[in-house]
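>>> what's the 3D shape of this:
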Amino acid sequence: MFNIHKIEIDWAGRPFILETGKIARQADGSVLATYGGTIVLATVVSAREPNSSQSFFPLTVNYQEKVYAAGRIPGGFFKREGRPSENETLISRLIDRPIRPLFPENYKNDTQIIVTVMQHDLENNPDVLSMIAASAALTLSGIPFLGPVACARVGYINGEYLLNPNIDEMPESRLDLVVAGTSDAVLMVESEAQELTEEVMLEAVMFGQLGFQPIIDAIIKLAEVAAKEPRNLELKDTSVLEERMVALSEKDLRKAYQIIDKQTRCSAVDKVYDEVKEKFLPENEQELEFTEEQVNTVFKQLQANIVRWNILDSGARIDGRDLKTIRSIEAQVGFLPRTHGSSLFTRGETQAIVVVTLGTGEDEQYMDMLTGLLKETFMLHYNFPPFSVGEIGRLASPSRREIGHGKLAWRAIHPVLPTKARFPYTIRAVSEITESNGSSSMATVCGTSLALMDAGVPIARPVAGIAMGLIKEGKHFAILSDILGDEDHLGDMDFKVAGTENGITSLQMDIKIDGITKEIMQIALEQAKDGRIHILNEMAKAISSSRSDLAEYAPRIETMEIPTEKIRDVIGSGGKVIREIVEKTGAKINIEDDGTVKIASSDAKTIEAARCWIHSIIDEPEIGKIYEGTVVKIADFGAFVNFFGSRDGLVHISQLSPERVSKTTDIVKEGDRVWVKLLGFDERGKVRLSMKVVDQKTGKEIVTKGKNEKIENPLDTSNKPSRRPRRNNKEN
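Modelled structure (predicted):
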């Protein structure tokens, strides 16, 4: 019934299995991949006919996590998986990036890859396994694909590289790097690092590429016995169109690409394209010699040839710079003075406004992951509105690109943030891209670093980012620093490097060709380091280190420790007590399981009021100490005063005033705020208070002196004369 094929190898000390022929047999390609105890299913389906309305390859990658894979039921009201989480979106992009360049340029058939996590052992991260499974499914499908590709994770612990560290080992690692590629070259890199050198990062990439070679061999072995017949791909000859378009448009296109200003240049290129369409796609013609897709493809290729060979031949770029020069930079902090921290970062025609907001534990982001509930104290959100590139567009929820760029910047900044114990704030940074012409994600890194320092967040060091490009034709290549949008679009590589003066914190690379060599990557890293140091120096003109104080409008957070057995008392039944403290004082309060209490407010008096209230709950009152309290009940024999949290005590009528008191209401009434001294406890444990020994205006104890300058102690009655002798003295 089933024609099952299976390949099993040992990879980094764990069993790795690829199986096909049993599951999802109606898909063009289907692979069940297992690593350790983690299992994913990858399927691929591609349409039989090309999509004539698409000018680009219509590939969709969907990675999805099923909560049952970890033996859990989804949280929330709806007990089923909903829209993709941020993590699912990021892994979908991770799979897409190394695969997309390996499809033929003229392949325009709708193609969908779906990867589903079926089982998670909570040890082996499914992202690397998912990318491998997708590559294997494509290789078996018969769809035109220049693979296979493979993938590996690299850690760096105690100065040694580790292939595919498990989830428990990652907190000890100074590096989290995912590398994908073919047997000969690297196609994609994604990483977060703790200020590692260029040499360490380069060797990590090479270590990962060497580490995934057994996986490529395994996919090839499986394809030899299970691959479908390859599809025929019709190659249409466009040489005649190319010759005629070059004769018509090359001269004007060259002039257009000598214009430095982006908007003016784009208008000039559009004008040339309008002439091309008028010539080759006339509206009044019933039968066209060339299709719109052919015209678009050839025109794009002509643009690429002009830009690329001009750079390779002369070293001159579109905006007149040489290969290494960085565009002019302007940095400003405090751009929005009422926010907690802000910056305006402009590099050439790319600009970002970044705003930092500080919050409390209540503002932490809760993420329901397969591995359990995760609380995140640092969030970075990237927004790319259409006006940033002079276009009209629909504003919707964040796109995959916006989520990916935000995460890249997050990885760059995260290694320099202070620990939660040192800086107990939740941090949210929002990057608003207001102009874009190349590497707005790296502008976000620079702007976020500036805004954090402006907010007084004690980051270890400033972080800057730079985007590198590549033009490669045969053995000739040129590496470009700080690429423009057109250089990214028409080039072969988008290589983003972020870090401090000490080392790299994040590296991301995407290749549009069949891979790059170690030599090219090494040159790119060295050139990127020079550019990064230059950008850091420019940023330092605005601010070079974190401010010593928080902004005026930022909340202050103070911490205190309480015994764990007192947590229940502070929270109260159903949270009644802590809600009352918050409502009455206006402070935000967060209590952790270890007894750490964080009190937040922009007003120091509010924090102190909350702190005193909590102390009144957990502490015991001290005999002889003065407290401020509220009269809560009046009686003939005295007044009851709430003076210490929920504790009440009696001020006997004889202790209300130094003078004789006939009625309690002559001195106090309910609701009065009074100062009292704790005299002690009677034989039944009842609290005895005194008002007469405390100045009711200042709250200070009244000190009385006798003939011998002896200070009276109201608690000591041993030397006081009796009432009767005092009466006799008065008569005398």
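>>> dump the residue contacts of Asn51.
Going by C-beta atoms under 8 Å, 6 or more residues apart in numbering, Asn51 touches Pro58, Lys108, Asn109, Asp110. To be clear about C-beta, it is placed using only N, CA and C from the backbone, and glycine gets the same treatment.
>>> at 10 Å what do you get?
The neighbours of Asn51, taking C-beta atoms under 10 Å, 6 or more residues apart in numbering as the test, are Phe57, Pro58, Lys108, Asn109, Asp110, Thr111, Glu293.
>>> Quick one: residues contacting the last one.
Looking back up the chat, that one is Glu293. Pro50, Asn51, Ser52, Ser53, Gln54, Ser55, Asn106, Lys108, Lys236.
>>> Surely Asn106 forms part of a strand?
No - membership of Asn106 in a strand is not supported by DSSP: H, G, I helix; E, B strand; the rest coil, which gives coil.
>>> Select from the contacts of Asn51 every entry located in helices.
Glu293 (DSSP state H).
>>> Of the contacts of Asn51, which pair is most distant in space?
Thr111 and Glu293 (16.5 Å; C-beta to C-beta).
>>> Make a ChimeraX selection of the buried ones in the contacts of Glu293.
Burial among the contacts of Glu293 is assessed by 16 or more other C-beta atoms under 10 Å; the matching ChimeraX selection reads:
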select :50,106,108
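>>> so can I have CSV of the contacts of Asn51 showing distance to Gln365?
Formatted as CSV, those follow (distance: C-beta to C-beta, whole Å):
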residue, distance to Gln365
Phe57, 35
Pro58, 33
Lys108, 40
Asn109, 39
Asp110, 35
Thr111, 34
Glu293, 44
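>>> Quick one, which of the contacts of Asn51 has the minimum pLDDT?
Among the contacts of Asn51, Glu293 carries the lowest pLDDT, at 81.
>>> Identify the spatial nearest neighbour of His476, chain neighbours not counted.
Closest residue to His476 apart from its sequence neighbours, by C-beta to C-beta, 6 or more residues apart in numbering: Leu312 at 5.4 Å.
>>> Name the helix or strand for the one you found, please.
Following DSSP states H and E, one finds Leu312 within helix 292-314.
>>> How far away from the center of its chain is that helix?
37 Å (C-alpha atoms, centre = their mean, to the nearest Å).
>>> Kindly report the same for stretch 338-347.
The answer for stretch 338-347 is 18 Å, by C-alpha atoms, centre = their mean.
>>> model confidence over it, on average?
What stretch 338-347 shows for mean pLDDT is 97.
>>> same thing with stretch 354-367?
The pLDDT scores in stretch 354-367 average 91.
>>> Could you do stretch 173-191 as well?
With pLDDT averaged residue by residue, stretch 173-191 scores 94.
>>> in that stretch, what's buried?
Across stretch 173-191, burial judged by 16+ other C-beta under 10 Å covers 173-182, 185-191.
>>> Ser654 touches Lys692, doesn't it?
Yes - if you go by C-beta atoms under 10 Å, Ser654 and Lys692 touch, sitting 8.1 Å apart.
>>> Show me which of these two is the more surrounded one.
Each of Ser654 and Lys692 has its neighbours counted (other C-beta atoms under 10 Å); Lys692 has more, 19 against 12.
>>> To which secondary structure element is the more buried one assigned?
Applying DSSP H and E as the criterion places Lys692 outside every helix and strand.
>>> Next one, pLDDT for it please.
91.
>>> Next, it: phi, psi?
Dihedral pair for Lys692: phi -70, psi -20, per degrees, to the nearest 10.
>>> how close does it get to Met170?
Here the criterion is C-beta to C-beta, to the nearest Å. By it, Lys692 lies 67 Å from Met170.
>>> about what we covered before: find residues that contact each of Ser654 and Lys692.
Common neighbours of Ser654 and Lys692 (C-beta under 10 Å, 6+ apart) are Val661.
>>> any idea of the mean pLDDT in stretch 258-274?
Average pLDDT, stretch 258-274: 90.
>>> returning to what we had before: pull the helix holding Leu312 out as PDB, backbone CA atoms only.
Taking Å, rounded to 0.1, in the frame of the first residue of the first chain, the C-alpha atoms of helix 292-314 are listed here in PDB:
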ATOM      1  CA  GLU A 292       4.400  41.900 -20.600                       C
ATOM      2  CA  GLU A 293       6.300  39.400 -18.500                       C
ATOM      3  CA  GLN A 294       9.100  39.200 -21.100                       C
ATOM      4  CA  VAL A 295       9.300  42.900 -21.500                       C
ATOM      5  CA  ASN A 296       9.500  43.400 -17.700                       C
ATOM      6  CA  THR A 297      12.100  40.700 -17.300                       C
ATOM      7  CA  VAL A 298      14.400  42.000 -20.000                       C
ATOM      8  CA  PHE A 299      14.000  45.700 -18.900                       C
ATOM      9  CA  LYS A 300      15.000  44.700 -15.300                       C
ATOM     10  CA  GLN A 301      18.000  42.700 -16.700                       C
ATOM     11  CA  LEU A 302      19.100  45.800 -18.700                       C
ATOM     12  CA  GLN A 303      18.900  47.900 -15.500                       C
ATOM     13  CA  ALA A 304      21.000  45.400 -13.600                       C
ATOM     14  CA  ASN A 305      23.600  45.200 -16.300                       C
ATOM     15  CA  ILE A 306      24.000  49.000 -16.400                       C
ATOM     16  CA  VAL A 307      24.300  49.400 -12.700                       C
ATOM     17  CA  ARG A 308      26.400  46.300 -12.000                       C
ATOM     18  CA  TRP A 309      29.000  46.700 -14.800                       C
ATOM     19  CA  ASN A 310      29.400  50.400 -14.100                       C
ATOM     20  CA  ILE A 311      30.400  49.500 -10.500                       C
ATOM     21  CA  LEU A 312      32.700  46.600 -11.600                       C
ATOM     22  CA  ASP A 313      34.400  48.600 -14.400                       C
ATOM     23  CA  SER A 314      34.800  52.000 -12.700                       C
END
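>>> after it, next one along is what?
According to DSSP H and E, the helix or strand after helix 292-314 is strand 329-333.
>>> Give me the buried positions along that following strand.
Buried residues in strand 329-333, counted by 16+ other C-beta under 10 Å: Ile329, Ala331, Gln332, Val333.
>>> Need the three-state assignment for the closest residue to the second one other than its chain neighbours.
For Ala331, ignoring the flanking residues on the chain, the nearest one in space by C-beta to C-beta, 6+ apart is Ala542 at 3.9 Å. State at Ala542, reduced to three classes by three-state DSSP: coil.
>>> give me the number of residues near Ala542?
18.
>>> contacting residues around it?
Shown in contact with Ala542 (C-beta under 10 Å, 6+ apart): Ile329, Glu330, Ala331, Gln332, Val333, Gly334, Ser343, Leu344, Phe345, Leu450, Met453, Asp454.
>>> Helices of the stretch 251-400 of the chain, residue ranges please.
Counting by DSSP state H, counting those that start in this stretch, the stretch 251-400 of the chain has helices at residues 262-280, 292-314, 400-413.
>>> Need the ones you listed in CSV (columns: distance to Val200).
Listed next are the helices of the stretch 251-400 of the chain as CSV, based on distance: least, C-beta to C-beta, whole Å:
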stretch, distance to Val200
helix 262-280, 37
helix 292-314, 30
helix 400-413, 16
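>>> Can you say which of those is packed in most?
helix 400-413 (a mean of 23; mean count of other C-beta atoms under 10 Å).
>>> quick one, what contacts the residue lying closest to Arg317 once chain neighbours are set aside?
Excluding its sequence neighbours, the residue lying closest to Arg317 (C-beta to C-beta, 6+ apart) is Ile311, at 6.0 Å. Taking C-beta under 10 Å, 6+ apart, we find Ile311 in contact with Arg317, Ile318, Asp322, Leu323, Gly469, Ile471, Glu473, Ala478, Leu480, Glu487, Leu490, Gly491.
>>> Please tell me how far the fourth one sits from Val149.
Per C-beta to C-beta, Leu323 is found 29 Å from Val149.
>>> higher neighbour count, those two?
Comparing Leu323 with Val149 by other C-beta under 10 Å, the one with more neighbours is Val149, at 29 against 15.
>>> backbone phi and psi for that one, please?
phi -120, psi 160.
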